[in-house]
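K.L.:
need a 3D model of the sequence below.
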Amino acid sequence: MNIAERIEAIKEKMEKAALRSGRKPGEIQLMGVSKFHAGEKIEEAIKAGLMLFGESRVQEALKKYPVLKEKYPKLCLHLIGRLQRNKVKNINGLFDGVQSLDRDELIRALGNAAAELNDKNKTLTVLLEMHTGEESKSGYPDEDALSRAVELVLSFPGLKLSGLMTMAPFTQDKNAIRQSFKKLFAARARLEQRFPQTDFSCLSMGMSNDYEIAIEEGSTLVRVGTAVFHAGEPQ
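P.N.:
You can find the predicted model right below:
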């Protein structure tokens, strides 16, 4: 299967998962995770209709995406990996969003950088990452910490909060994976009650090995790399 065929197969599985859970397939976005993949492969995915991509490393994205974004103005790029503070200055102008916002010092650094943009009307979309699985994973540990982070994000006009993200444990235990996604969904519901005027519409959860479960548990954005770019059948 080529990349276009794999994307089509993934979308079919996404649609079936949405319908199984009583949802509309159009509610869920597919993000292509392009880390370690060359610009030519990314362009194949773009030509197949995929316009939302995620990268884990700022330096790698800087080598690939400036040319692609100039060629495809509608292309949208999010950072999904852990962001170091010394790389914050490289975010604006290249990335449209940061999904891995996992600590207060990073919120402050991004907020201050966004405030320095010449275009006062431009904002950086951000998601707050919640720790719901393995101890090694990053993210805010609980809803109280998330609430404080929400307040901090809202204090910076250059940041636009759009929802939450998480990484489920990498395991064959589907129940453990499902519980991770349920935890994020429940956290979102309670945050919506605490902050009724704030946008939490995006739930970024689910990767190549578990995106169907994630959709069943309420994901609105799945981050799929292996099943899009690697040869073989989509997982």
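
K.L.:
following the host helix or strand of Phe181, which helix or strand shows up next?
P.N.:
Remark: Phe181 resides in helix 174-194, with elements defined by DSSP states H and E. With elements assigned by DSSP H and E, the helix or strand that comes after helix 174-194 is strand 202-204.

K.L.:
buried residues in the helix or strand following that following strand?
P.N.:
Per DSSP H and E, the first helix or strand lying C-terminal to strand 202-204 is helix 211-216. Neighbour-count burial for helix 211-216 flags Tyr211, Glu212, Ile213, Ala214, Ile215, Glu216 (criterion: 16 or more other C-beta atoms under 10 Å). Where C-beta positions appear, they are placed from N, C-alpha and C, glycine not excepted.

K.L.:
next secondary structure after helix 211-216?
P.N.:
Later in the chain than helix 211-216, the nearest helix or strand by DSSP H and E is strand 221-224.

K.L.:
for the helix holding Phe181, buried residues please.
P.N.:
Ile177, Arg178, Ser180, Phe181, Lys183, Leu184, Phe185, Ala187, Arg188, Leu191.

K.L.:
quick check, nearest of the buried residues of helix 211-216 to Ala18?
P.N.:
Ile215 (5.6 Å; C-beta to C-beta).

K.L.:
which stretches of this structure form strands?
P.N.:
Shown for the chain, the strands assigned by DSSP state E span residues 29-33, 52-55, 76-79, 97-101, 124-129, 159-165, 202-204, 221-224.

K.L.:
name the residues that touch stretch 125-138?
P.N.:
78, 82, 96-103, 107, 110, 139-141, 146, 149-150, 153, 159-170, 176, 180-181, 183-184, 187, 202, 204 (C-beta atoms under 8 Å, 6 or more residues apart in numbering).

K.L.:
where does pLDDT dip in this structure?
P.N.:
117-121, 134-137, 231-235 (pLDDT under 70).

K.L.:
let's see that with 50 instead.
P.N.:
Within the chain, the segments meeting pLDDT under 50 span 118, 232-235.

K.L.:
number of nearby residues for the closest residue to Ile3 other than its chain neighbours?
P.N.:
Of all residues not flanking Ile3 in the chain, Glu44 sits nearest, at 4.4 Å (C-beta to C-beta, 6 or more residues apart in numbering). Burial measure for Glu44: 18 neighbouring residues, criterion other C-beta atoms under 10 Å.

K.L.:
for the remainder of this discussion, apply numbering that starts at 464.
P.N.:
Got it, first residue is 464 now, which makes that one Glu507.

K.L.:
Arg611 against Asp567, yeah?
P.N.:
Yes. Between Arg611 and Asp567 a contact is recorded at 7.5 Å, counting by C-beta atoms under 8 Å.
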